[in-house]
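In: here's a sequence, model it:
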Amino acid sequence: MAIKLYLPETRFVVVSLALAAYRDALESLSDAVGFTSLTRDKDEITLIVSEDEWTRIADRFPGAEVLPRRRMIAFDTVLEFTVVGFIAEISRTLAEAGISILNTSTYKTDIVFVDESRFDAAVAAVRRALVTLNYTHLSQH
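Out: Numbers count the residues shown, from 1 in each chain. This next block holds a predicted model:
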């Protein structure tokens, strides 16, 4: 199975919100367009949205911590849940290149976000990792 990359031009932000902002976050994103991620854990809410989307809703969240200028590298291939080590290999290759990532997944897609200034280097590193993965069982599922 060939593993394709989806590399949109969109710039994203990663935002940390207080737990009390959960309802406001849900309401604010109810009509969002494009990739949007809202994750709630025991300590915070994390949003990943386009910079344009964040500009639209930012006034509702004055205490937010914002990490701007992230670019998406999405693996536009559905990987079975039985595949082991795919993201580990991608993460290892990016770590060796000195590139910090934020990894997230949906039911069907794995995604890494990188600083825009390291995007080209990250894509090159990911492509190297995919060559390695093509020679292992990871890409054979």
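In: all strands of the protein, in order?
Out: 5-6, 11-17, 37-40, 45-50, 65-75, 102-105, 110-115 (DSSP state E).
In: residues in contact with the fifth one?
Out: So the one you mean is strand 65-75. Here strand 65-75 makes contact (C-beta atoms under 8 Å, 6 or more residues apart in numbering) with 3-8, 10-16, 35, 48, 51, 54, 58, 86, 90, 102, 109-117, 119, 122-123, 126. Just so you know, the C-beta spots here come from the backbone N, C-alpha and C atoms, and that holds for glycine as well.
In: so among these, which ones count as buried?
Out: Neighbour counting with 16 or more other C-beta atoms under 10 Å marks 3, 11-16, 35, 48, 51, 54, 58, 86, 90, 102, 110-115, 119, 122, 126 as buried within the contacts of strand 65-75.
In: longest single helix anywhere in this structure?
Out: When the chain is parsed with DSSP state H, its longest helix is helix 119-134.
In: and that one, how far from the chain's centre?
Out: Helix 119-134 sits 16 Å away from the centroid of its parent chain (C-alpha atoms, centre = their mean, to the nearest Å).
In: got a list of contacts for that helix?
Out: Contacts for helix 119-134 (C-beta under 8 Å, 6+ apart): 3, 5, 7, 71, 73, 86, 89-90, 92-94, 96-97, 99, 101, 112, 114, 139.
In: can we see that at 7 Å?
Out: Helix 119-134 is contacted from outside by 3, 5, 7, 71, 73, 86, 89-90, 93-94, 97, 99, 114, 139, using C-beta atoms under 7 Å, 6 or more residues apart in numbering.
In: ok, now how distant is residue 32 from residue 50?
Out: Distance, residue 32 to residue 50, by C-beta to C-beta, to the nearest Å: 8 Å.
In: neighbour-wise, which of those two wins?
Out: Remark: of residue 32 and residue 50, residue 50 carries more neighbours, 20 against 15, as counted by other C-beta atoms under 10 Å.
In: is it correct that the more buried one is in contact with residue 10?
Out: Yes. Between residue 50 and residue 10 there is a contact under C-beta atoms under 7 Å: 5.1 Å.
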